[in-house]
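Novice: Need a 3D model of the following:
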Amino acid sequence: MKLTNNINPNIFREYDVRGVYPVDINEDVAYTFGKAYGTYIKKFQQTECIVGHDNRLSSDSLTNALIQGILSTGIHIVNLGLVTTPMYYFACIKKNIPAGVMVTASHNPKDDNGFKFSFDERGNAKGEMIQEFYQFLLAGNFDEDYGMMTFFDIKEEYYKLLLSSVDIKKNRKLKVIIDCGNGTTSLFAPEIYNMIDEDLVVLYGISDANFPNHHPDPAVEDNLKVLKNAVVELKADIGIAFDGDGDRVGFIDEKGRFLSADQFMIIFARDLIPTHENKRILYDVKCSKSLKEEIEKLGGEAIVCRTGNSYTKAATRDYNCIFGGELSGHLYFRDKFLGFDSGMYAGLRMIEILSKTDQKLSELLEGVSSYYSTPEIKIPSTDTKKKEVVEKIKIYCKEQGLQTIDIDGVRIEFDDGWALVRYSNTGPNITARFEGKTEETMNRLKDTFMEMIEKYNK
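Specialist: Predicted structure coming up:
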């Protein structure tokens, strides 16, 4: 391992560091990142930090290099070893150490890896915080000292937290199928879900970072084909899927139907708003209009936020919302949980809701306003081009006098629907979503703006 200046600037993204191993991120980059990080957090009066990693093939070697870099600056490390990202978040709270690095690329392709990191109590670094740190890294003025490392097993404490933060009734035994996607949750979810005494079936519960069965992204319906079929064939009450590092969740109802996150957020809103004084709920710009309408119908306050885990989680806290989430499946409960995103916990909360009623999961969405929505559409681009495309569409919409929300890309509002065009902060993609009161409206908006994206993306 050695210090390197040969680092692709595009890996320093909007709310984490992420790239292809070993092309963009390798052991030299991890060591250099560690040297910079250990030196930098002293500006925030930090003397120690938490380090954890997911089950990706490159995570062990990258973590070892990262640790060597941090220790060489005199910062002490609490090493969690192999954990989910939510377990890492909880360890930071439990140990009262706000600074930390989680080695993970979440749901990205198997050859990717990266770092989610925090400097202080503000939580995950994002936006300008990351760019300022990148400039500090480039300057290369790193401390030389000797840090100490200790090991900490957070698993049992985390299990206690999950189980104490739900109240699952025993008068109704549910058949539950979980899909771990061979990701990091495969090492923990079967164990914790067996503790709640339900009729459990586990799919892809063997840790294998080659992800041989499907890509571990529960927000994409195509990834959950086997889970959907299993729910129907085994007559299960619910299917629950997790992403690669365990901070996101997806749900399948008893009919084998995929629920988008804005749909299952409605179920949580219906459970929370009537029973709590705090009725603020946050969602991101990709969510359906039906979510906002349902929150307001229940007497709640709907708050929209830009997309991105670091942004939505911080905003849920800063706006003092009882609950928040985004279309990708990050959910933040602040009623009887600690406010960080945990796919395993979100799954338990849905089981809790089902345990309190005789209704089927599909029936919990009865009466919701019906819209036709596309899933999130990803259009391959480059990290430079994607920003140019979105900016050109934003300028066009404003020149045409269209009603827009531009906190994250541009969401164009019409009387009968909306279109969203933004660039991804986790990869070289443009993302789009369209919704209309009729299928015809949805397709018209989709055709119009997809043609525009294709034109500018050439």
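
Novice: next one: phi and psi at the closest residue to Glu48 other than its chain neighbours?
Specialist: Nearest non-adjacent residue to Glu48, counting by CB to CB, 6 or more residues apart in numbering: His76, 4.0 Å away. (Glycine included, C-beta is placed from N, CA and C.) Taking degrees, to the nearest 10, you get phi -90, psi 150 for the backbone angles of His76.

Novice: Could you shift the numbering so residue one becomes 28, and keep it that way?
Specialist: Let's use 28 as the start, then, which means that last one is His103.

Novice: Tell me, how many residues neighbour His103?
Specialist: Number of residues near His103 (other CB atoms under 10 Å) recorded here: 17.

Novice: My read is that it contacts Tyr173, right?
Specialist: No: with contact defined as CB atoms under 8 Å, His103 does not reach Tyr173; the gap is 9.7 Å.

Novice: what does the host helix or strand of Ile322 contact?
Specialist: Ile322 belongs to helix 316-324 when assigned by DSSP states H and E. If you take CB atoms under 8 Å, 6 or more residues apart in numbering as the criterion, helix 316-324 is touched by 289-290, 292-293, 296-297, 300, 308, 310, 328-329, 331, 395-398, 445, 462.

Novice: residues touching the residue nearest to the spatial centre of the chain, list them.
Specialist: The centroid of the chain falls nearest to His357 when counting by CA atoms, centre = their mean (4.3 Å). If you count contacts by CB under 8 Å, 6+ apart, His357 has them with 274-275, 336, 339-340, 368.

Novice: And for Ile219?
Specialist: Ile219 neighbours (CB under 8 Å, 6+ apart): 186, 189-190, 371, 375.

Novice: quick one: it is in a strand?
Specialist: No: counting by DSSP: H, G, I helix; E, B strand; the rest coil, Ile219 is not part of a strand but helix.

Novice: ok, now how distant is it from Val228?
Specialist: 15 Å (CB to CB, to the nearest Å).

Novice: just Gly327 next, same as before
Specialist: From Gly327 to Val228 the distance is 35 Å (CB to CB).

Novice: Same question for Val448.
Specialist: 40 Å.

Novice: Turn the contacts of His357 into a markdown table, columns for neighbour count.
Specialist: Formatted as a markdown table, these follow (neighbours: other CB atoms under 10 Å):
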| residue | neighbour count |
| --- | --- |
| Asp274 | 33 |
| Arg275 | 29 |
| Asn336 | 27 |
| Thr339 | 26 |
| Lys340 | 27 |
| Asp368 | 26 |
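
Novice: Scan this structure for its longest helix.
Specialist: helix 466-484 (DSSP state H).

Novice: Other residues contacting it?
Specialist: Residues contacting helix 466-484 (CB under 8 Å, 6+ apart): 398-401, 404, 406, 408, 412, 415-416, 419-420, 423, 439, 441, 443-446, 448, 457, 459, 461-463.

Novice: Now with 7 Å, please.
Specialist: Helix 466-484 has contacts (CB atoms under 7 Å, 6 or more residues apart in numbering) with 399-401, 406, 408, 412, 416, 419-420, 443-444, 446, 448, 457, 459, 461-463.

Novice: Please tell me how far that helix is from the chain's geometric centre.
Specialist: Its chain's C-alpha centre and that of helix 466-484 lie 27 Å apart, by CA atoms, centre = their mean, to the nearest Å.

Novice: repeat for stretch 195-210
Specialist: For stretch 195-210 - counting by CA atoms, centre = their mean - the centre lies 21 Å from the chain centre.

Novice: How about stretch 210-230?
Specialist: Distance, centroid of stretch 210-230 to centroid of chain: 20 Å (CA atoms, centre = their mean).

Novice: Give the buried residues for that stretch.
Specialist: Across stretch 210-230, burial judged by 16 or more other CB atoms under 10 Å covers 210-217, 219-220, 223, 225, 227-230.

Novice: same check, this time on stretch 348-365
Specialist: Going by 16+ other CB under 10 Å, stretch 348-365 has these buried residues: 348-361, 364-365.

Novice: With stretch 92-107 instead?
Specialist: Across stretch 92-107, burial judged by 16+ other CB under 10 Å covers 92-105, 107.

Novice: now do the same end-to-end measure for that stretch.
Specialist: 15 Å (CA to CA, to the nearest Å).
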